[in-house]
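[1] Following is a predicted model, sequence given first.
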Amino acid sequence: QVQVVEFGGGLVEAGGSLRLSCTASGSIVKISDMGWYRQAPEKQRELIATISDTGRANYEGAAEGRFTISRDDARNTVYLHMLSLKPEDTGSYYCTAAGIQRGGDGFYRPFNSWGQGTQVTVSS
């Protein structure tokens, strides 16, 4: 099993910045894609950004231009640096990691793991 844990959420004033981090652990052979999703109150979970193992980043919607995704493969960690935060950025932020893990039987198999989420609240 590959576990994913997010860090860095909190309360910030509008216009402020915040950096989220997410670390994957377990019997990881390779992490291919990592990403961040957001779920605002009473709304569906939406994709914020993804980053491939080659470092190619993709942004969706309101994140583009204000958020930056990056990764540190030596630490199996992905970051989301958020600038100029707005009250509508409030929500639970979830990290995902996908790749190849080594099972207890020694065989390699794919994984796609989600974190429990970290809360970001932007006050007006």
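    That came through fine.
[2] ok, Trp114 - contacts?
    Contacts for Trp114 (C-beta atoms under 8 Å, 6 or more residues apart in numbering) come out as 4, 94-96. C-betas here are computed from N, CA, C, even on glycine.
[3] ok, of these, which one's closest to His81?
    Distance to His81 across the contacts of Trp114 (C-beta to C-beta) is lowest for Cys95, with 13.8 Å.
[4] Against Ala24, how distant is the closest one?
    Cys95 sits 8 Å away from Ala24, going by C-beta to C-beta, to the nearest Å.
[5] who's more crowded, these two?
    Cys95 (27 against 24; other C-beta atoms under 10 Å).
[6] tell me the contacts of that one?
    Cys95 sits next to 4-6, 20, 22, 34-37, 78, 114-115 when contact means C-beta under 8 Å, 6+ apart.
[7] and those, which are buried?
    4, 6, 20, 22, 34-37, 78, 114-115 (16 or more other C-beta atoms under 10 Å).
[8] Among those, which lie within strands?
    Under the assignment DSSP state E, the buried ones among the contacts of Cys95 contribute 4, 6, 20, 22, 34-37, 78, 114 to strands.
[9] Give the pairing partners of the host helix or strand of His81; include direction for each.
    For His81, the element it lies in under DSSP states H and E is strand 77-82. With DSSP bridges as the test, strand 77-82 is paired with strand 18-26 (antiparallel), strand 67-72 (antiparallel).
[10] Going by distance to Asp72, which of the contacts of Trp114 wins?
    Of the contacts of Trp114, the one sitting nearest to Asp72 (C-beta to C-beta) turns out to be Cys95, at 13.4 Å.
[11] farthest pair in the buried ones among the contacts of Cys95?
    Greatest spatial distance in the buried ones among the contacts of Cys95: Leu20 and Trp114, 14.3 Å, computed using C-beta to C-beta.
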